[in-house]
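>>> One predicted model, sequence on top.
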Amino acid sequence: MKKKILLLIVLFSLTYVTVWAQNTNAESTSERIIKVDYHKTAGEMNTMFKECIGAGRANEGLRADWQQQLAMVKKECDFKYIRMHGLLSDDMAVYREESKGNPEYNYQYIDVLYDFLISIKMKPFVELGFMPSALASGPQTIFWWKGNVTPPKDYKKWEDLIRNLTQHFTERYGEEEVKTWYFEVWNEPNLTPGFWTGTQEEYFKLYEYAARGVKSVNPAYKVGGPATAGAAWVPETIEFATKNNVPLDFITTHTYGVKQGFLDEFGTSGTVLNKDDSSVSGDVINSRKQISSSAKPNLELHYTEWSSSYTPADPIHDSYHSAAYILQKLKQVGNAANSMSYWVFTDIFEEPGPRFTPFHGGFGLLNTQGIKKPAYFSYSLLNKLGETELQNTDTSSWTTKNDKGDVQILLWDFTNTHPGDSVNNQVYYIKDLPSKSKGSIKIQVDGLQKGKYKLEIYKVGYKTNDVFSDYLAMNKPSQLTLQQVKTLKEKNNTALITTEKVSIDSKGVFSKDFKINENDVFLFNLVKQ
């Protein structure tokens, strides 16, 4: 009996070792294959990712460096709209009342900002907020720059302000232009008392008066909301608008990919990147389902804020992990949203006050000095994709072509390496974090025209277009010298790492094998010569 038991143990051990060896070998030799055909298309490429981008507040848009950075972002990423807080706040000098309580309006600061946006062929996604203090019912404010978050003392005066502002836009930019804009009422009114001291009912009243103010100028102008945090109030907003015959042309809301609350402008609570694969995208898809099953099933859906984290003091924003994260979430969203407005394009962002170090976990695709973070390249590479999408079963890539005969393959690995809930992002992502191998990839394009091509290869990953690692290597100076800024910009100016000459024979096949690491991003641009 003992001999039989011993024999079984030996056989089990050998079987386990064999299976383990096979699995280990399978992992080490696993190959991811992305195979497409130039002639098999999936329709027009959905460019919802570049419809809109966020910025901190309107007054920051009067700065020369802010404008210089946005002009570069427009050129290289081609965002169409931009959304920001504080258009009506006191630092924009929009509203006051004379001694008898009659309103006085002034749009000179807004004109400077919007004239600039129009000059670089961008459009405002107009966020109507916060409350001018002369119109406010209370003193409560948010942020270092003190945006008033109370309801108006007089809703009729609030409606008159919105009407007058909309009329001014019409006179300055023309009816046809303003028809293409979006008017969004307030920001995150469900976060009380942070962004709104009133109730949901009072927000709906604020919304109704603002919507009527916009529509009184031109019924074709688009107005929407509720601009909530955490994908909240979507069914309630539609129900309110339907029941009360209030104009509602689109839905806006927000989502972030961390497991804590929704408001932490000072970065004091600590954040944890959500391990749930459907974080961010799950909210967006659910919002689309809520709209589809509502009384207004065809409303546009705009996520006017989204990012990996909701605080401007989270080092994941500076990390190379962000590049793949952004692409993964956008791919998962698919056609559910009309736009996904990344929050924000620059670290010139003063909600907690001016920042004291060049890399502090700020929201921006660019840091204060205009140095490109890995996240920036997600959008500049997306902007290099062609107009027509090719059929592709790989879930972490896009394959496209343009009318010149060029083919683009944008692919990535997203691996959430965060150790779990016991460690905050603020502790984890500030370290040097080498990436591990994820095996090899084979890309193959069939059906190509015979001839000569140039292959451009772009890459973002650990220590490749990874400015935070470069900054760590400088021992994290609290202030950058001119030379340090120059060095960091030169190392992180373009994701292009190499070019190759390629000849396609009569078989019309291009293929390439290469290695990929965790959170690497590659773009292969095959350019017909």
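Great, that's in hand.

>>> Point out where this protein drops to low pLDDT.
1-29, 260-267 (pLDDT under 70).

>>> in it, which spans are helices?
2-29, 64-77, 108-119, 155-173, 175-178, 200-217, 234-244, 281-292, 321-333, 374-382, 425-428, 467-473, 482-491 (DSSP state H).

>>> okay, those helices in JSON lines with distance to residue 95 and mean neighbour count next?
Bear in mind the C-beta positions are built from the backbone N, C-alpha and C, glycine included. Listed next are the helices of the chain as JSON lines, based on distance: least, CB to CB, whole Å; neighbours: other CB atoms under 10 Å:
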{"stretch": "helix 2-29", "distance to residue 95": "63", "mean neighbour count": "10"}
{"stretch": "helix 64-77", "distance to residue 95": "23", "mean neighbour count": "18"}
{"stretch": "helix 108-119", "distance to residue 95": "11", "mean neighbour count": "16"}
{"stretch": "helix 155-173", "distance to residue 95": "6", "mean neighbour count": "19"}
{"stretch": "helix 175-178", "distance to residue 95": "20", "mean neighbour count": "15"}
{"stretch": "helix 200-217", "distance to residue 95": "13", "mean neighbour count": "21"}
{"stretch": "helix 234-244", "distance to residue 95": "26", "mean neighbour count": "18"}
{"stretch": "helix 281-292", "distance to residue 95": "33", "mean neighbour count": "19"}
{"stretch": "helix 321-333", "distance to residue 95": "37", "mean neighbour count": "25"}
{"stretch": "helix 374-382", "distance to residue 95": "35", "mean neighbour count": "26"}
{"stretch": "helix 425-428", "distance to residue 95": "39", "mean neighbour count": "19"}
{"stretch": "helix 467-473", "distance to residue 95": "41", "mean neighbour count": "19"}
{"stretch": "helix 482-491", "distance to residue 95": "39", "mean neighbour count": "14"}
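
>>> could I get those as a markdown table with distance to residue 136?
Formatted as a markdown table, these follow (distance: least, CB to CB, whole Å):
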| stretch | distance to residue 136 |
| --- | --- |
| helix 2-29 | 61 |
| helix 64-77 | 27 |
| helix 108-119 | 19 |
| helix 155-173 | 10 |
| helix 175-178 | 27 |
| helix 200-217 | 12 |
| helix 234-244 | 23 |
| helix 281-292 | 31 |
| helix 321-333 | 37 |
| helix 374-382 | 36 |
| helix 425-428 | 34 |
| helix 467-473 | 40 |
| helix 482-491 | 41 |
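
>>> Nearest the geometric middle of the protein, what residue?
By CA atoms, centre = their mean, the chain has its centre lying nearest to residue 342, at 2.0 Å.

>>> which residues sit in contact with that residue?
By CB atoms under 8 Å, 6 or more residues apart in numbering, residue 342 lies in contact with 53-54, 306-307, 326, 365, 375, 379.

>>> and residue 407, which of the helices of the chain is closest to it?
Comparing these by their distance to residue 407 (CB to CB), the top pick is helix 374-382, with 14.5 Å.

>>> which other helices and strands contact that closest one?
helix 64-77, helix 321-333, strand 451-460, strand 521-528 (3 or more CB pairs under 8 Å, 6 or more residues apart in numbering; DSSP states H and E).

>>> please redo it, this time with the cut-off set to 6 Å
helix 64-77, helix 321-333, strand 451-460 (3 or more CB pairs under 6 Å, 6 or more residues apart in numbering; DSSP states H and E).

>>> which secondary structure elements does the second one contact?
In terms of contact count using 3+ CB pairs under 6 Å, 6+ apart, helix 321-333 is assigned the packing partners helix 281-292, helix 374-382.

>>> Just list the residues touching the closest residue to residue 407 other than its chain neighbours, thanks.
In space, and not counting its chain neighbours, residue 407 is closest to residue 526: 4.5 Å by CB to CB, 6 or more residues apart in numbering. Residues near residue 526 by CB atoms under 6 Å, 6 or more residues apart in numbering: 407, 453, 455.

>>> Now rank those by neighbours and give me the top one.
residue 407 (24 neighbours; other CB atoms under 10 Å).

>>> I'd like the distance between it and residue 457.
In this view, residue 407 and residue 457 are 13 Å apart by CB to CB, to the nearest Å.

>>> Also residue 175?
In terms of CB to CB, residue 175 sits 47 Å off from residue 457.
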